[in-house]
Each structure stands twice: as C-alpha cells, then as structure tokens.
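A.B. asks: Generate a structure from the sequence data that follows.
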Amino acid sequence: MLVKVFGSAVFGVDATTITVEVNIDKGVGYHLVGLPDNAIKESSYRIAAALKNNGYQLPVKKITINMAPADLRKEGSAYDLTIAIGILAATGQIKSEEVSKYIIMGELSLDGGMQPIKGALSIAIKAKEEGYKGFFLPKENVKEAAIVTGLDVYGVENVLEVIDFFEGKGTLEPTVINTREEFYKTLDYPEFDFSEVRGQESIKRCMEIAAAGGHNLILIGPPGAGKTMLAKRLPSILPPMTLKEALETTKIHSVAGKVKETGLMNQRPFRSPHHNASSAALVGGGSYPQPGEISLAHNGVLFLDELPEFKREVLEVMRQPLEDREVTISRAKFTITYPSSFMLVASMNPSPGGYFNDPDAPVSSSPAEMQRYLSKISGPLLDRIDIHVEVTPVPFEKLSDTRNGESSVEIRKRVTKAREIQSVRFENFENIHYNAQMSTKQIREHCALDPTSLQLLKTAMERLNLSARAYDRILKVSRTIADLEGSEKVESNHISEAIQYRSLDRDGWLG
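C.D. replies: Predicted structure coming up:
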C-alpha cells in the first residue's frame, strides 16, 4: 500500500514542502531514498524503538520510502515523526484519510518522546500558504509556529498523541496565540535600562544619536570604563520593532533553532560573538548553511568586543553585508541569501596594555604601540563606522550617586521621533530608511550648510587633521543631531558636536 505524508525542509529562511512516500510491498527490507543525510538514514532505529515502546511495530515487509523532490538534499532528524506516521498509515495501523492534510515534523526519542526542531515558524508559514489543515510538531516549538494564524498548530510530547489523534481516540487542541497581544506585552520593559548607568552622560548622548540615525559606533576606552555595559543597553533605546520586523527576526532565529519557548520576538536582538569566531560563524555558512551572527543580529545590534583581537579576514567579510544589508552564501548547487540589516557597535582598548598614554596608568603604552595596535583595524572597515567616541572611567562621586538616570523608555521616545522624521524624508527611496544610509547625493541635498557652519567644519578638519573620509560622516551625524532637535537645517552647533565623534581620524590615533 502506498501512502503520502508531508514534512518540510528549510533552505535559507524559507521552507520547501517535502512529500514522504511510503510503500509497503512483499519481501523484507528498509529502503530510504531521496538524498537523505546520515541523521535521516539512522531514523529507522529511532522509529522502530519508539513504535515498539508504544504498542506498535515496523512491519516485517519491504518498506520503500522516497523523499520528494528526490534531487533536493534533506538533512536533520526532524523527519522521524513524518516517516513513522507514514509507515503506520501504509500498514493500516492508523487511518490514513486525514494524514495527507497535515504537515508532520519532529525528532523521536526511543520512548516515543519528541525533541525540538529548527525552522518551525518558516514551516508553519509555508504550510498555511499551501493550504494544509494543520501542523504537528514538538511542544517546545509550538509557540513560534502558533504565531501563524489560520493554521491548526498541535504541540505534541509523544508519538502516541499523534496516533490517537488520527485514530480519533484522544482530544488534541490546537495552540492559539494572539500575535499582537504577545508582541506588545513587554515592548516597553527592556532587560537592560540606561537608568541603571551611573555617569557617562556624554556617552549616553552619543548612543542616542547613533540609535536615532542608525549609525555604526565604536567605543574606545580602558578596561572597566563601561563600554560593554553601555553597548548592552543600546537595543533598549532603538525604536520598537514593527510586527513585520519581529516576524522577520523570529524567522531567522527559528531557522537557527534559537526560539523554542519564547514565541514571537519583540525585543531587538543583541549578538556578541567572541573574538575567536570564524568567518562562517560571523556571516553564516557551513556544509549545510546556517545564518551567522550578522543575520541573527538582523534588526538589532551586533557588538564586537575587543575589535582588534578579531582576525583581520573575519572582520573584512563584514564589509559587503554592512553596505548591502544582506549576505549571500553560494554553493555549487544553490545560493542562499540571509537578511543582515544591523547596527554595528564595537569596543576596544586604546593600546595593548589597555590604557591611554598615561604615565599614571597601571600599564602604559607608547604612542607607537598604540598606533600599531589600532592599525589592526582596516581603513575600509573603519570607514563604515560613523561615530568614534572615547570612554573614560567614571569618577567615584558619580558611581556612589544613588539617583537613577534617565530611563531607556524616555530616550527611546526622542529616538523614535527622530526616526519618524527620517522615514518621511526617505519615503520615496526603497533601500534608505535612516540617515546612516544616505548616499553622497542625498548628503548634499539634506545637509546643506550655511557659511558659518562650512567655515567651522573647514577649520576643524585642518586643525584636528581629520581625514577626508570624516567629512561625509560628520555631515550624516550632524543631520541626525538636527533631527533629534527637530531642526530642518543643519546648524553650526550640530556640526561642532558631530566633529567630536571622529576620534580615530585625529592625528595620534590612526594618523
């Protein structure tokens, strides 16, 4: 007897429906075809044990299983439940009429229990698009799949629950989640809040500007000055994610298997890879490509601590994603594109010893050592970072102050208002949403300077030995400062503040 059941494979961030055809014939043998990997080939042992431990069994007949389309590589252990239900239906141990109306996915334990799978949200979206009645999957993944409305999503803990459902013996209720309610539940309650930060008012201001204009940022300072603490709080002042952004972000994390019990993500992601990360870990890839850290940071923040400690070739692979807001991974037979629109925040010590050229510092470094250390960062990468700021240690008087600072929610209101101004400004441009993405033509149009401001900028560039690449960056940042103040024109005070945020362009840093 031939029976067709349906599973799904995830490529990139999208799912493709897989038809699992199970044929029972005379003879003996178990034949699995359709380009399965080793994890799928080993499924027969898990399935046999799981069924036997729940009162069912594999037939002593010739079992042929084809996973179509047969020229598409299948990977992972998530097809265990699909194949098991197909075998039971083909041998008449369960009713088969309803089986083909559902997507069935899950890894089986030897006792019939379920292990979580990856890409549940992408699979659920595809199942709804293709008109399937429902989706069976492990209970740990049910929250992310239930985000999709109009599809019955059943979270199960044991293969017996699925068997009883098709036999009409048990009652299995679909999981229903109010997506909008879940999305707005904790939107204004960030995990890390700027009100907890003592002192560092100038750095908070700098991070507010970076968040308002989507500017990449680098923090330079000695150990213990608060660089990491400040960076962790940056997502809390970014504009709240839209429902579309939340779905995009959740989809990527679902493919990487990092969602499970959390359901819809409503906080912007913050990713902080260690400096020994490889190129594939950062941008994605592998034999079976998976999203990397820059894609997991999509719509959020990628924080690179101790930037000069990263391998140079690892940092260089970020240059194209920083410009294009997506990363493409090519293989011989297919190409996968992952979205990667993120804010880059980096931190670093000013020298190998960790301190500025200060004779009173515990470990002092000479100017030559500092410059050699800083030169580990390539010019093209630094060119994509708009704001450079020096972080100094907090004095005792500030540390011991018991009063709370301004909350992230209050700062976020100003940031959101500035972003709304930019949304209107760039409404006719498909790929430009905030000031950091402006081209040279748009800079000339939206950052026109009066004679006073122009003279100020000229003087600053000459006296501070600012590089030519700093010119456009200063104009972009000054445009954001003007937006935060609600000013239509870029004025001299906006220019003067923006000039402060180009530390690494000054003589004595990178030359």
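A.B. asks: Point out where this protein drops to low pLDDT.
C.D. replies: By pLDDT under 70, the weakly predicted segments of the chain are 182-190, 260-262, 354-365, 396, 398-400, 402, 469, 504-511.
A.B. asks: Domain map for it?
C.D. replies: 2-177, 185-416, 438-511 (automatic domain parsing).
A.B. asks: The first one: end-to-end distance?
C.D. replies: Right, domain 2-177. In domain 2-177, first residue to last residue: 36 Å (Cα to Cα, to the nearest Å).
A.B. asks: picking up where we left off before, compare the domains of the chain and give me the one nearest residue 422.
C.D. replies: Nearest of the domains of the chain to residue 422, taken as Cβ to Cβ: domain 438-511 at 6.3 Å. No exception for glycine: its C-beta is placed from N, CA and C like everyone else's.
A.B. asks: center of the protein - which residue?
C.D. replies: residue 296 (2.0 Å; Cα atoms, centre = their mean).
A.B. asks: burial of the spatially closest residue to residue 286 that is not a sequence neighbour, as a residue count?
C.D. replies: Excluding its sequence neighbours, the residue lying closest to residue 286 (Cβ to Cβ, 6 or more residues apart in numbering) is residue 280, at 5.8 Å. Neighbour count of residue 280, defined by other Cβ atoms under 10 Å: 16.
A.B. asks: Doesn't residue 280 belong to a helix?
C.D. replies: Yes. Checked against DSSP: H, G, I helix; E, B strand; the rest coil, residue 280 lies within a helix.
A.B. asks: Buried residues of stretch 130-145, list them for me.
C.D. replies: 132, 134-145 (16 or more other Cβ atoms under 10 Å).
A.B. asks: what does stretch 108-128 give?
C.D. replies: Neighbour-count burial for stretch 108-128 [16+ other Cβ under 10 Å]: 108, 112-128.
A.B. asks: Looking at the domains of the chain, which is nearest to residue 423?
C.D. replies: Across the domains of the chain, closest to residue 423 is domain 185-416 (Cβ to Cβ), at 9.7 Å.
A.B. asks: contact partners of the helix or strand residue 21 falls within?
C.D. replies: Per DSSP states H and E: residue 21 is located in strand 14-25. Outside strand 14-25, the residues within contact range by Cβ atoms under 8 Å, 6 or more residues apart in numbering are 1-10, 59, 61-69, 72, 74, 79, 82-83, 86-87, 89-91, 103, 119, 122-123, 125-127, 130.
A.B. asks: out of these, which are inside strands?
C.D. replies: 2-10, 62-68, 103 (DSSP state E).
A.B. asks: Please convert the buried members of those into PyMOL selection syntax.
C.D. replies: One line in PyMOL is enough to select the buried ones among the ones in strands among the contacts of strand 14-25; burial here means 16+ other Cβ under 10 Å:
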select buried, resi 3+4+5+6+7+8+9+10+63+64+65+66+67+103
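A.B. asks: quick one, what contacts residue 201?
C.D. replies: residue 405.
A.B. asks: Next one: it from residue 483, what distance?
C.D. replies: Relative to residue 483, residue 201 is positioned 20 Å away (Cβ to Cβ, to the nearest Å).
A.B. asks: Could you do residue 66 as well?
C.D. replies: 59 Å.
A.B. asks: cool, and residue 367?
C.D. replies: 37 Å.
A.B. asks: Same drill for the two, tell me which one is more crowded.
C.D. replies: Per other Cβ under 10 Å, whichever of residue 367 and residue 483 has more neighbours is residue 483, with 27 against 11.
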